[in-house]
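**Q** task: produce atomic coordinates for the following.
(chains A, B, C, D, E and F)
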There are 4 protein chains.
Amino acid sequence: MAPRRVDRAARREEILAAAVRVFARRGFAASRIEDVAAEAGIGKGSVYLYFSDRDELLEAAFAALAARSAALIEEALAGTGDPAERLEHLVRSVVAVLLGERDLARVLLDVWSVGRGGRPPVDMAGFYREYRGAIAMLLADAADSGAGPTVEPVAHAAVLVGAIEGCVLQWLFDSSLDLAGLVDPLLQLLIPARAKGRNP
Amino acid sequence: MAPRRVDRAARREEILAAAVRVFARRGFAASRIEDVAAEAGIGKGSVYLYFSDRDELLEAAFAALAARSAALIEEALAGTGDPAERLEHLVRSVVAVLLGERDLARVLLDVWSVGRGGRPPVDMAGFYREYRGAIAMLLADAADSGAGPTVEPVAHAAVLVGAIEGCVLQWLFDSSLDLAGLVDPLLQLLIPARAKGRNP
Amino acid sequence: MAPRRVDRAARREEILAAAVRVFARRGFAASRIEDVAAEAGIGKGSVYLYFSDRDELLEAAFAALAARSAALIEEALAGTGDPAERLEHLVRSVVAVLLGERDLARVLLDVWSVGRGGRPPVDMAGFYREYRGAIAMLLADAADSGAGPTVEPVAHAAVLVGAIEGCVLQWLFDSSLDLAGLVDPLLQLLIPARAKGRNP
Amino acid sequence: MAPRRVDRAARREEILAAAVRVFARRGFAASRIEDVAAEAGIGKGSVYLYFSDRDELLEAAFAALAARSAALIEEALAGTGDPAERLEHLVRSVVAVLLGERDLARVLLDVWSVGRGGRPPVDMAGFYREYRGAIAMLLADAADSGAGPTVEPVAHAAVLVGAIEGCVLQWLFDSSLDLAGLVDPLLQLLIPARAKGRNP
DNA sequence: GATGAATGAGGGTTCATTCAT
DNA sequence: CATGAATGAACCCTCATTCAT
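**A** Predicted structure coming up:
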């Protein structure tokens, strides 16, 4: 039915993974298509059989990351349990993904740099807008559920998203920073409802 | 016998300002030396009379920003009043600087991208380490001063610094985001001591 | 699966030959990589697939000439016949090579100019030292073989080598000068042993 | 009568001397006008008050050398004593000049390289033609005067001139070569008439 | 499909030369 | 006269992209 379809997709993934490793190492600006091909163990020209141009590699890397985040957000929004708990789970999951794939996380730096101006395939503004929207919704629900936040949900969401991204940023520059260990403080400070439960 | 007189430092600043505008507009990677020269209203070759190469423009832009932050941090540490108050002032000042110079702030995205790996002139790891250290100190002092944070100061500082950078990040992608309006929520959430005073 | 097949060494030689023609015409300093590429009938960038930079073209040209000289010297030293005869043959061969490849000979002028200071790949001092050494050896042998030279072999060798290079030099500036016709006078004056045989 | 004339000429000489030192050090191709100005202790623009462009510096350097040679040749031709003796004196003087001004001699390498093609101000072909002509004349006179050279004067002259230039060439690459010590062997081999007198 | 030789637009950088002071 | 800041033509070299095999 789909004789070679899997192969093609798998090969594309292999190349993308190679690209991510190279970008993480040298940065996107200093990474040549040839470096990516070499890392993937294929010929330079073959990259073009799977990606239309150099930028598409970066876009695909971001898309992969964005897709994961979107899935986690989706899951958090679709959940039915305690909103604060779902929010906490979301934050932990997002950080866990980045911790688990440092190379991919590092590419974020390049994506941010290139994504300036919201050029279509890398619409950072939209991405963060949705991210904040989802979290604001969870925060609002959590507020309804009992805990009393004194901060307006949308602003609160921006701060929460910012804190996550900002902690990741610091960790990207300094791997000795214990990102995993920052999650609890972050949650404690920014999701008071949960914090209460954990710190009687 | 009478060489043309030029204020080298002033001219250098002019060129740097032009570079910052260009980088903010197109991103560092897409900015040509010629664009910078045109923006500064001078010839391409003249840029090299003040900067040894293209990278130095980016480094100088970052240095300018880092110097301002360092000065604000210095001021906060050297202050004698209420630690929480000084911390709040620091946060407000840092954000105010970025709000006042959006172009310069935008260049941060490029600096982050290029600064990966901590190449000497753009030592992001060191920069954030000091930033966190100063804030941790203020947080610790604030804790002594009365208010009782339950979070370990260094982690708290990382979250606070992260929140600032992360909010700025979002604002850089989406100028419709009200960064100024995020400062109060941010302070309220992350400097409880102050928050208490303001939200009885 | 079937990459284009190219004989790299052959292509390199083609480009080098083109470079030699161009250098001979305009001089190395005034020759652009693009001129060389055009002369070779290829694109500018292709030159860099075979030579790492412009200087390498000059070095390769000299290396080609030096290799020939070295082979001739080797041959003369390894020979077993009459030393004076072998020396005469060496001189005739060296001049014949230059006569046969005027363009290559002309590049010598650029090599001499650039080779000042003995930068590694163009070690003129070493080249001439060996050249003199070999000739001194042959001269010494010739002296033993009978004819009585009154001149110390090493100095004699320097004068002989100098005369060859100096005659070539004059011919390079003035192709109407009959270099081939200078070989006999040169030999007669500088290899007395042979001269005797020829001028009873 | 000539109020500032001496100053102007003297200044020009100073700059030329500085240029010669710089060219000798780095080679003409790698020497910038600014290097010459710095060596002369003047401003870059001032060089242009005495030389119309960069090439003129090289031409002037060669002209200085050529003028000395011409004077020596003139003197030798105009002399009245023994032709062989005058020839020997000429050779000794020419070498002495170069030995005394190694920097100027080194510039010869650049002059040879640039002078290719006989561009007007640096007419190497003509220079060597006259040089050979004068020497051929002296050789012919010497032959008449008694000694019996078997070699045709013009070819003999080319070999003699070549030997001088070629010995200088080797010395330029290798200052450990004793150029002064080569003069006697050179004379002995190439001016037989004199040689006889000295080696009974 | 896969490859890598070939290409040439592009951009960083240098430096001879000019000219206002 | 002297200067050195300014200029921009020139040129080296890189590398994304193409395409014949």
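
**Q** can you give me the buried ones in stretch A:125-138?
**A** Residues of stretch A:125-138 classed as buried by neighbour count (16 or more other Cβ atoms under 10 Å in any protein chain shown): A:125, A:127-129, A:131-132, A:134-138. Every C-beta, even on glycine, is put in place using the N, C-alpha and C of the backbone.

**Q** reformat the residues you listed as TSV; add distance to DNA strand E, pLDDT and secondary structure.
**A** TSV is the format used below for the buried residues of stretch A:125-138 (distance: Cβ to the nearest atom of the strand, whole Å; pLDDT from 0 to 100; DSSP: H, G, I helix; E, B strand; the rest coil):
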residue	distance to DNA strand E	pLDDT	secondary structure
A:125	25	93	helix
A:127	28	94	helix
A:128	29	96	helix
A:129	31	96	helix
A:131	33	96	helix
A:132	35	97	helix
A:134	37	96	helix
A:135	39	97	helix
A:136	41	96	helix
A:137	43	95	helix
A:138	43	95	helix
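
**Q** including distance to DNA strand F, could these go into a markdown table?
**A** What follows is the buried residues of stretch A:125-138, written out as a markdown table (distance: Cβ to the nearest atom of the strand, whole Å):
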| residue | distance to DNA strand F |
| --- | --- |
| A:125 | 25 |
| A:127 | 24 |
| A:128 | 28 |
| A:129 | 29 |
| A:131 | 30 |
| A:132 | 33 |
| A:134 | 34 |
| A:135 | 36 |
| A:136 | 39 |
| A:137 | 40 |
| A:138 | 40 |
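
**Q** now do stretch A:177-191: distance to the chain's middle.
**A** Between the centre of stretch A:177-191 and the centre of its chain there are 17 Å (Cα atoms, centre = their mean, to the nearest Å).

**Q** meant to ask about stretch A:153-163, not that
**A** With Cα atoms, centre = their mean, you get 16 Å for stretch A:153-163.

**Q** rounded mean pLDDT for it, please.
**A** Computed over stretch A:153-163, the mean pLDDT rounds to 97.

**Q** is it positioned near chain B?
**A** Yes. Residues of stretch A:153-163 contacting chain B under Cβ under 8 Å from any Cβ of the partner chain: A:155-156, A:158-159, A:161-163.

**Q** pull out the buried residues from the residues you listed.
**A** Among the residues of stretch A:153-163 next to chain B, those scoring as buried are A:155-156, A:158-159, A:161-163 (criterion: 16+ other Cβ under 10 Å).

**Q** how many neighbours does the closest residue to residue A:42 other than its chain neighbours have?
**A** Nearest residue to residue A:42 in three dimensions, chain neighbours excluded: residue A:15, at 7.2 Å (Cβ to Cβ, 6 or more residues apart in numbering or on different chains). Per other Cβ atoms under 10 Å in any protein chain shown, the neighbour tally for residue A:15 reads 23.

**Q** quick one, what contacts residue A:15?
**A** Shown in contact with residue A:15 (Cβ atoms under 8 Å, 6 or more residues apart in numbering or on different chains): A:36, A:40, A:42, A:47, A:50-51, A:57.

**Q** spatially, which two of these are the most separated?
**A** A:42 and A:57 (13.4 Å; Cβ to Cβ).

**Q** for the closest residue to chain C within chain A, give me the pLDDT.
**A** Nearest to chain C, among the residues of chain A, is residue A:43, at 7.6 Å (Cβ to the nearest Cβ). For residue A:43, the model assigns a pLDDT of 97.

**Q** residue contacts, the residue nearest to it when sequence neighbours are not counted?
**A** Counting by Cβ to Cβ, 6+ apart, residue A:43 lies nearest to residue A:37, which is 6.1 Å off, once chain neighbours are set aside. Contacts for residue A:37 (Cβ under 8 Å, 6+ apart) come out as A:18, A:43-44, A:46-47.

**Q** which of the residues you listed has the most neighbours?
**A** Ranking these using other Cβ under 10 Å puts residue A:47 first, with 23 neighbours.

**Q** pLDDT at that residue, what is it?
**A** Looking at residue A:47, its pLDDT stands at 98.

**Q** from memory it sits against residue A:33, does it?
**A** Yes. Under the criterion of Cβ atoms under 8 Å, residue A:47 makes contact with residue A:33 at 5.6 Å.

**Q** got the residues of chain A near chain C?
**A** By Cβ under 8 Å from any Cβ, the residues of chain A that approach chain C are residue A:43.

**Q** residues of chain A that sit close to DNA strand E?
**A** Residues of chain A lying near DNA strand E by Cβ under 7 Å from any atom of the strand: A:4, A:8, A:11, A:42-46, A:48-49.

**Q** which members of these are the farthest-apart pair?
**A** Largest pairwise distance in the residues of chain A next to DNA strand E, by Cβ to Cβ, is 22.0 Å, between A:4 and A:44.

**Q** which stretches in chain A count as helices?
**A** Using DSSP state H, the helices of chain A run over A:5-26, A:33-40, A:44-47, A:54-78, A:83-100, A:102-114, A:124-144, A:153-173, A:179-190, A:192-198.
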